[in-house]
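Undergrad: Have a look at this prediction, sequence included:
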Amino acid sequence: MTKYDFQERIAFFLISKGLNVGDTWYGKMKKAEQVATFGVYFGRGELVVNGTTDCVSHRVSIAYGADVEYKGGMSPTGFCDRFDNVTPLSEIIIN
């Protein structure tokens, strides 16, 4: 999957939810839906799909919903953190 395929999946997902391409969607998805939509299973919890930064983040509520822990995220160019800051794959891969 190229980075353009991932961006296209995010755009089609947001449009199917009735949002614009640059909007943000928060919600839960089943495993089959995550794999069919993004090609990856992030895990149980809430997904944050940000169309502006093309980042899909996964967060889990802890302490009975009193706090939220970010488990990680993906973008077409690398991995993103809870603030949607992207770390390129070239900085992660060690030769």
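TA: Nice, thanks for sending it over.
Undergrad: in what helix or strand does residue 56 lie?
TA: Using DSSP states H and E, residue 56 maps to strand 55-62.
Undergrad: List the buried residues in whichever helix or strand comes after that strand.
TA: As assigned by DSSP H and E, the chain's next helix or strand after strand 55-62 is strand 67-75. Neighbour counts over strand 67-75 (16 or more other Cβ atoms under 10 Å) mark 73, 74, 75 as buried. All C-beta atoms are positioned from the backbone trio N, CA, C, and that covers glycine.
Undergrad: Tabulate those residues (a markdown table), appending distance to residue 8 and pLDDT.
TA: Conversion of the buried residues of strand 67-75 to a markdown table gives the following (distance: Cβ to Cβ, whole Å; pLDDT from 0 to 100):
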| residue | distance to residue 8 | pLDDT |
| --- | --- | --- |
| 73 | 18 | 83 |
| 74 | 14 | 83 |
| 75 | 13 | 82 |
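Undergrad: Okay, helices next: where are they in the chain?
TA: Secondary structure of the chain (DSSP state H): helices at 3-16, 31-38, 89-92.
Undergrad: Would you convert the ones you listed into JSON lines that also reports distance to residue 48?
TA: Conversion of these to JSON lines gives the following (distance: least, Cβ to Cβ, whole Å):
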{"stretch": "helix 3-16", "distance to residue 48": "11"}
{"stretch": "helix 31-38", "distance to residue 48": "12"}
{"stretch": "helix 89-92", "distance to residue 48": "21"}
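Undergrad: Of all these, which one is nearest residue 22?
TA: Evaluated over the helices of the chain, closeness to residue 22 peaks at helix 3-16, with 8.3 Å, by Cβ to Cβ.
Undergrad: Any buried residues in the closest one, and which?
TA: Along helix 3-16, these residues count as buried under the neighbour rule (16+ other Cβ under 10 Å): 6, 7, 9, 10, 13, 14.
Undergrad: Nearest residue to the fifth one in space, please, no chain neighbours.
TA: In other words, residue 13. What sits nearest to residue 13 in space, not counting adjacent residues and going by Cβ to Cβ, 6 or more residues apart in numbering, is residue 37, at 5.4 Å.
Undergrad: likewise the first one?
TA: Closest residue in space to residue 6, ignoring its immediate chain neighbours: residue 76 at 4.5 Å, by Cβ to Cβ, 6+ apart.
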